[in-house]
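Novice: sequence? don't have it. structure:
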């Protein structure tokens, strides 16, 4: 979070030194997102009593507020967005005693992207860091002995995308990568696990500027 604060400070300092009248927009954003893992690996329980495999992630939803500060062809866009993700896992028990039992996990995060962009022609191009803060979660994994959830205070990633503005409406298509492993909140018998080091997602946002 410290690095994000430094970037915000330097960006605001840059805006103050520009001899251009700034334009401020405030609005709401709604959207959908996909979630994927590049090459997920299975999680093997410490006592070899079973394994969990990543099966699929359902389409997720997001919504929140944003502020866009424009100076000429350069803009800053900090956001605060809530997003929900639902994931299915496959559990296999010891010696095949339980096979392909589907387990579900759902979590809600607060995303705080800080985006810097330019407007080369009639569209926006932007990118920047994003912080993820876990708000709540529900999981079928709690049925396992010695299972515990250990979500980090904040996880970080990066996001870039393109946007199109039509009046007070803007549409954006974005890609997000993350610096943390997916599943590292899973703790079984005091040991932490993860499914993949490179979780990513595509996001489609619809924004409406209120003023």
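Specialist: Ah, there it is. The structure presented is a predicted model; accordingly, all values stated were derived computationally and were not measured.
Novice: quick one: strands adjacent to the longest strand belonging to the chain?
Specialist: Of all segments of type strand in the chain, defined using DSSP state E, the longest is strand 74-93. Within its sheet, and counting by DSSP bridges, strand 74-93 is paired with strand 50-57 (antiparallel), strand 60-71 (antiparallel), strand 101-118 (antiparallel).
Novice: any chance of those in TSV, with distance to residue 173 and mean pLDDT too?
Specialist: Any C-beta I mention is one placed from the backbone N, CA and C, and that applies to glycine too. Converted to TSV, the strands paired with strand 74-93 look like this (distance: least, CB to CB, whole Å; pLDDT from 0 to 100):
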stretch	distance to residue 173	mean pLDDT
strand 50-57	19	85
strand 60-71	14	94
strand 101-118	13	92
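Novice: Distance to residue 198 and mean neighbour count added to those, as a markdown table?
Specialist: Output for the strands paired with strand 74-93, formatted as a markdown table (distance: least, CB to CB, whole Å; neighbours: other CB atoms under 10 Å):
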| stretch | distance to residue 198 | mean neighbour count |
| --- | --- | --- |
| strand 50-57 | 13 | 17 |
| strand 60-71 | 18 | 18 |
| strand 101-118 | 18 | 18 |
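Novice: Pipe those strands into JSON lines and attach distance to residue 143 per row.
Specialist: What follows is those, written out as JSON lines (distance: least, CB to CB, whole Å):
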{"stretch": "strand 50-57", "distance to residue 143": "12"}
{"stretch": "strand 60-71", "distance to residue 143": "24"}
{"stretch": "strand 101-118", "distance to residue 143": "8"}
